[in-house]
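# for reference, the sequence and a predicted model appear below.
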Amino acid sequence: MTHLKTSAKASAALFGALALAVTTGTGASADTAPRSPGGWQESGVSSVNSLTGSQGLASRADGSLLYRGLASVPLDLRVKGWTHLGDPDIADGHTFDAYQGGDDAKSKMFAVTTPGGKRYLYEHQLDAGEKLNNSFASVSPDKQWLVSGEWGDQNRLQVFPAPLLNSSTPPTGGALPQAGQISLDKPVRDIQGCDFVSDTRLVCASNDASKELWPEDRPVLQVDLERALDGKQVTGKVTSLFAAPQRSICRGTFETEGVDYDAGRRTLRAEVVPPAPCLVTTSVYAYRPTTG
């Protein structure tokens, strides 16, 4: 998702590369044992077609998984200029998708699909200094707030009232203003997805390979909030949990993508796209807490 954050043209290029890779039948495979980093024990790894699953994932109440990939953008939204979507979330049976447009976009959009299949669009006009990127959607456990993030170096995560679920939002789509922010005590870079583990804790996947901000290559980070979200400014303490796995028969540059925490089954999942030509298949690593 790195190069996809700012360029619809790049998105189309990768879409073509994935389609070509499908014809080769090349896939990724793990070659090392699970590890026990940051209080999480790796419990397994699976794979998903990158065309339909490389951008993110979310767990349903029954434990099944919803995936999003480059091919998941509906045609009617693609025609409107919403050419890229990020890591989704599911809350109270509603699916939340984060959309962004091209390099000249002046807004970002969240699409909410109800359990009955109706879809409503909520558009946020960019505030002063806000980047166009819309990397993910994560709904707070009380189902009142929607957290998202921008690309590059950031000292914040964005907070919006959760469309449909927060009574302050229009019932059938419309404008979506920001409602406070999460101010981070340490900078983060290239956040691909976040999900709530509790009312005051998120786990986020970073695609930062520089080791300038964190000692790990592509770290999975923890953000602890000073209090549960209430629509006002709140501070988040950032710590590193572990490095996202980079295991494949192919050699080159890996890319972290979405994360999900299934509270009912206490399972954390993180996606990693391997280098070409193995990028046809996205690896989904599962973790269980080592304590508690």
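Yep, that arrived. A quick note: this is a predicted structure, and the numbers were derived from the prediction, not measured.

# now the chain, which segments are flagged as low pLDDT?
For the chain, the stretches flagged by pLDDT under 70 are 1-37, 292.

# what's opposite the residue most central in space within the chain in the beta bridge?
Geometric centre of the chain, nearest residue: residue 193, 2.6 Å, by CA atoms, centre = their mean. Counting by DSSP bridges, residue 193 is bridged to residue 205.

# and residue 260, by the same measure?
residue 269.

# quick one, what contacts residue 94?
By CB atoms under 8 Å, 6 or more residues apart in numbering, the contact list for residue 94 reads 112-115, 164-165. C-betas here are computed from N, CA, C, even on glycine.

# could you pick out the buried ones from these?
Neighbour-count burial (16 or more other CB atoms under 10 Å) applied to the contacts of residue 94 gives 112-113, 164-165.

# let's see which of the residues you listed end up in strands.
With strands taken from DSSP state E, the overlap with these comprises 112-113.

# report the two of the buried ones among the contacts of residue 94 separated the most.
By the measure CB to CB, 113 and 165 form the most distant pair in the buried ones among the contacts of residue 94, at 12.7 Å.

# do you know how far the residue nearest to the centre of the chain is from residue 270?
According to CB to CB, to the nearest Å, residue 193 and residue 270 sit 8 Å apart.

# which element is residue 76 on?
Assigned by DSSP states H and E, residue 76 belongs to helix 75-79.

# let's see that helix as PDB, backbone CA atoms only.
Taking Å, rounded to 0.1, in the frame of the first residue of the first chain, the C-alpha atoms of helix 75-79 are listed here in PDB:
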ATOM      1  CA  LEU A  75     -17.100   0.000 -10.200                       C
ATOM      2  CA  ASP A  76     -19.500   2.900  -9.400                       C
ATOM      3  CA  LEU A  77     -17.000   4.200  -6.800                       C
ATOM      4  CA  ARG A  78     -14.000   3.800  -9.000                       C
ATOM      5  CA  VAL A  79     -15.800   5.800 -11.700                       C
END
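
# residue contacts, the closest residue to residue 172 other than its chain neighbours?
Leaving aside its sequence neighbours, residue 172 sits nearest to residue 120 (CB to CB, 6 or more residues apart in numbering; 5.7 Å). Contacts for residue 120 were tallied using CB under 8 Å, 6+ apart; they are 111-112, 114, 163-164, 172-173.

# let's see 6 Å
Neighbour list for residue 120: 112, 172-173 [criterion: CB atoms under 6 Å, 6 or more residues apart in numbering].

# quick check, nearest of the residues you listed to residue 211?
Of the contacts of residue 120, the one sitting nearest to residue 211 (CB to CB) turns out to be residue 112, at 37.3 Å.

# hey, what's in contact with both of residue 193 and residue 270?
Common contact partners of residue 193 and residue 270 (CB under 6 Å, 6+ apart): 205, 259.

# residue 58 against residue 89, yeah?
Yes - using CB atoms under 6 Å, residue 58 is in contact with residue 89, at 5.1 Å.

# A helix includes residue 71, no?
Yes - when classified by DSSP: H, G, I helix; E, B strand; the rest coil, residue 71 is found to be part of a helix.

# where's it relative to residue 247, distance?
Taking CB to CB as the measure, residue 71 falls 25 Å from residue 247.

# circling back to that earlier point, note down every partner strand of the next helix or strand after the helix holding residue 76 and its orientation.
Using DSSP H and E, the helix or strand that follows helix 75-79 in sequence is strand 84-85. Strand 84-85 pairs in its sheet with strand 94-100 (antiparallel), by DSSP bridges.

# the partner strand: how far from the chain's middle?
10 Å (CA atoms, centre = their mean, to the nearest Å).

# got the contact list for the closest residue to residue 46 other than its chain neighbours?
Distance criterion CB to CB, 6+ apart; nearest residue to residue 46, sequence neighbours excluded, is residue 284 at 4.9 Å. Contact analysis of residue 284 by CB under 6 Å, 6+ apart lists 46, 48, 269, 271.

# what's the ChimeraX line that selects buried ones from those?
ChimeraX command restricting the contacts of residue 284 to the buried ones, with burial defined by 16+ other CB under 10 Å:
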select :48,269,271
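
# in a markdown table, list the contacts of residue 284 along with secondary structure.
Conversion of the contacts of residue 284 to a markdown table gives the following (three-state DSSP):
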| residue | secondary structure |
| --- | --- |
| 46 | strand |
| 48 | strand |
| 269 | strand |
| 271 | strand |
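
# residue 97: which of the contacts of residue 284 is nearest?
In terms of CB to CB, no member of the contacts of residue 284 lies closer to residue 97 than residue 271, at 15.8 Å.

# find the nearest non-adjacent residue to that closest one, please.
The shortest distance from residue 271 to any non-neighbouring residue, by CB to CB, 6+ apart, is to residue 257 (3.9 Å).
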